[in-house]
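**Student:** Sequence first, predicted model second:
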Amino acid sequence: MMTFLNYILSGISLGSIYAIIALGYTMVYGIAKMLNFAHGDVIMVGAYICFFAVSRYSLPPLVGVIAAMAVCTVLGIVVERLAYKPLRAAPSLAVLITAIGVSYFLQNGAQLLWTPNPKVFSSVVGTGRLALFGGQLTVSYVTITTIASCIVIMVALSWFTGNTKMGKAMRACSEDKGAAQLMGINVNSTISVTFAIGSALAAVAGVLLCSAYPTLVPTTGAMPGIKAFTAAVFGGIGSIPGAFLGGLLLGVIEIFAKAYISTQLSDAVVFAVLIIVLLVKPAGLLGKQVSEKV
Amino acid sequence: MKRTTKKLLSFVMVLTMLMSLCSVFALADEGEAFKIGGTGPLTGGAAIYGNAAANGAQIAVDEINAEGGIQFELKYEDDAHDAEKAVNAYNALKDWGMQISLGSVTTAPCNATSAETFNDRIFALTPSASAVTVTDGKDNQFQMCFADPNQGSASAQYIFDQDLGSKIAVIWKNDEDYSTGIRNTFVEKAEELGLEIVSETTFAAGNDTDFTVQLTEAQNAGADLVFLPMYYQPASLILSQAAAMGYEPKWFGVDGMDGILTMEGFDPAMAEGVMLLTPFNADAEDERTQAFVAKYQELYDEVPNQFAADAYDCVYAYKQALEAAGATPDMSAEEINDLMMEQFTSMTFDGLTGEGMTWDATGAVSKSPKGMVIQDGAYVGL
């Protein structure tokens, strides 16, 4: 029973990280209608910035996190301006390939700047753990922080898109860019803000990812990025609660598949579940089915 | 008029092409140094191994060239730890005029390039690709590192002889030839010796961050020793997650574990008591090792790992073999190949990674692995 609870906790912890990354994917997709495959690599950049701030310059962890968020926000805006904005009118396939290009650029740039040698990230919340039920169940502080940050971010984002002027502008752009522009919304700056928020979230995800799994290399963000993309599709891409739900479920399914089916087949099980969900609900768990207007 | 111009133009172009071919031949013919080539991951996730090997080989080449006797020219091409890119890199080396090869640094690319060097009759000595498949059925492919079966069974034997644990858990990477190869022979030997394996779990690329399930299974099965046939990167994650869980078995690694202490930011206390079999120890007292380590630190600002030492040994083994065979740089790759096959199966070589190494006809090296344990952040001989 305690083992089961332990597995659930690690599943939720892993899932929360996927969920934060998936939020970035889903926001950009919802508003700009593009898959930003470089998102995973922004995570990696965020983790490196925090690593250098904390380990090399011995700054307090909180400053490291803020520095990582600031750098990633700027990076997100610059990438959007240079790589994606000129292609706004281009077919989506061209944008997709550009995003993959940016992803490679960031990975190789990081390798050039920071060498491919792995670095060990020291957790921003320390390595302590809570022992419950007389030590039978242990929860690390990283797990608690991760789950808490994930919930806070989800609620804040939902509030932001629902209640602020910028949030409303985002939803309007997401529905119909042309009409939004006619109503006096600056579509370009709205998309830039989306990228800025998405990239700042990526920095938080990077710091949490590396606090839980401390090896940092230039390809650190690639695989979690793909898993989180899967989570976003699973929950319904474009939907903020969907990304949250998808991320959590993906994490729990992955850990359970490993524990109760086979460590060899865990990824196969995860993707089999994804296929079944998409067969039953093609728009994902919480996705809206939008019929094409003819 | 137009047609004649075209004809003239094409004739001129054909001439230029022929001329350029001639110049290529002329360049290839001048031979004063032996051309050694190798492929390795100089970029990408496994770049630490490729760069270490390339650096180690370069140091050996510079030392030998400075002596003034036999001369080498070394070229490493990037394969990014990818079999397809390795073949492209190998072809580039062949165009360059490679006469002897250092194979590839990592196993999967080496499986691909060893098939090519075998077909092209170019002798290859890989510093570190340890799978049996690299040398299997290929008479001119040799290894400087232990072959995987050798490591797996030696580890099991060692654990048995020293009575290190009675219940053993194995965590291995099932999509990697290196890890799978060692695990297979380890399990075989352990069964033969009567060691009890209580838990066996795997992971794969893309699934190599969370090890809670694998560790919980090992802990629940009561394993008092965990065998980790893998590279140090996932191993460092396993050690830190086990520490977070409060699980403290004995850890036993293989040569891929080497490098864990040089990771930036790694807390050596995490690896305290980890045992491993490795052929090279940067802290060894002998003069040659110390000179090599000092030189490496001066040039590349880090402590060399066994990949660097293996590659360094490869170049010196070539020097010894080429001198003994009386080979000259103007010989073709195939002539050198035949001489090398004869030399390597009969010679004895002393290097940084072992004394009195010999090779059998399969290409596998025979040297004795050294048991090491990590104490206070350094390797200590067991």
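**Tutor:** Good, I have the coordinates. Everything numeric here is computed off the predicted structure, so don't read it as measured data. Numbering: from 1, shown residues only, chains lettered A, B, ... in the order given.
**Student:** dump the residue contacts of the closest residue to A:L285 other than its chain neighbours.
**Tutor:** Nearest-residue entry for A:L285: A:G235, 5.2 Å, with adjacent residues in sequence omitted and distances by C-beta to C-beta, 6 or more residues apart in numbering or on different chains. To be clear about C-beta, it is placed using only N, CA and C from the backbone, and glycine gets the same treatment. A:G235 makes contact with A:22, A:26, A:241-247, A:249, A:284-287, according to C-beta atoms under 8 Å, 6 or more residues apart in numbering or on different chains.
**Student:** Which members of those occur in helices, if any?
**Tutor:** Using DSSP state H, A:22, A:26, A:241-247, A:249 are the members of these that sit in helices.
**Student:** Give me the buried entries from the residues you listed.
**Tutor:** By neighbour count, with 16 or more other C-beta atoms under 10 Å in any protein chain shown, the ones in helices among the contacts of A:G235 hold A:22, A:26, A:241-247, A:249 as buried.
**Student:** Next, the contact list for the residue nearest the centre of chain B, please.
**Tutor:** In chain B, the C-alpha nearest the mean C-alpha coordinate belongs to B:S128, at 1.4 Å (C-alpha atoms, centre = their mean). B:S128 sits next to B:49, B:53, B:105-106, B:144-145, B:306-307, B:310-311 when contact means C-beta under 8 Å, 6+ apart.
**Student:** Make sure it is indeed in a strand.
**Tutor:** No - applying DSSP: H, G, I helix; E, B strand; the rest coil, one finds B:S128 to be coil, outside a strand.
**Student:** how far away is it from chain A?
**Tutor:** From B:S128 across to chain A, the span is 17 Å (C-beta to the nearest C-beta, to the nearest Å).
**Student:** Please read off the pLDDT at the residue nearest to A:L285 from the model.
**Tutor:** Among the per-residue scores, A:G235 shows a pLDDT of 90.
**Student:** And A:S189, by the same measure?
**Tutor:** Predicted confidence (pLDDT) for A:S189: 90.
**Student:** Break chain B down into its structural domains.
**Tutor:** Domain assignment for chain B by automatic domain parsing gives B:34-146+B:285-368, B:149-278.
**Student:** and those as a markdown table, adding mean pLDDT and distance to A:M34?
**Tutor:** As requested, those are exported to a markdown table (pLDDT from 0 to 100; distance: least, C-beta to C-beta, whole Å):
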| stretch | mean pLDDT | distance to A:M34 |
| --- | --- | --- |
| domain B:34-146+B:285-368 | 90 | 27 |
| domain B:149-278 | 87 | 24 |
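**Student:** which one of those domains lies closest to A:S122?
**Tutor:** Shortest distance between A:S122 and these, using C-beta to C-beta, is found for domain B:149-278: 6.2 Å.
**Student:** How far does the closest one stretch from one end to the other?
**Tutor:** This stretch, domain B:149-278, spans 14 Å end to end (C-alpha to C-alpha, to the nearest Å).
**Student:** Stretch A:47-63 now?
**Tutor:** End-to-end distance (C-alpha to C-alpha), stretch A:47-63: 13 Å.
**Student:** which of the residues in that stretch are buried?
**Tutor:** A:47-55, A:61.
**Student:** Could you identify the most distant pair in these?
**Tutor:** Top of the distance list for the buried residues of stretch A:47-63 (C-beta to C-beta): A:Y48 and A:P61, 14.8 Å.
**Student:** what's the weakest-modelled helix or strand in chain A?
**Tutor:** None of the helices or strands of chain A scores lower by mean pLDDT, DSSP states H and E than strand A:129-132, at a mean of 73.
**Student:** Residues in contact with the very next helix or strand once past that strand: which ones?
**Tutor:** The helix or strand immediately downstream of strand A:129-132 is strand A:137-140, counting by DSSP states H and E. Contacting residues not belonging to strand A:137-140 are listed as A:2, A:5-6, A:9, A:127-132, A:212, B:244-246 [C-beta under 8 Å, 6+ apart].
**Student:** let's see it at 6 Å
**Tutor:** Residues outside strand A:137-140 that contact it (C-beta atoms under 6 Å, 6 or more residues apart in numbering or on different chains): A:2, A:5, A:9, A:129-131, B:244.
**Student:** List the pairing partners of that strand within its sheet, with orientation.
**Tutor:** Taking DSSP bridges as the criterion, strand A:137-140 sits next to strand A:129-132 (antiparallel) in its sheet.
**Student:** List the contacts of the partner strand.
**Tutor:** So strand A:129-132 is contacted by A:138-140 (C-beta under 6 Å, 6+ apart).
**Student:** Now with 8 Å, please.
**Tutor:** Contacts to strand A:129-132, defined as C-beta under 8 Å, 6+ apart, come from residues A:137-141, A:144, B:244, B:246.
**Student:** tell me the contacts of residue 160?
**Tutor:** This is for chain A. A:166-167.
**Student:** try chain B instead
**Tutor:** Neighbours of B:F160 in contact, by C-beta under 8 Å, 6+ apart: B:190, B:193, B:195.
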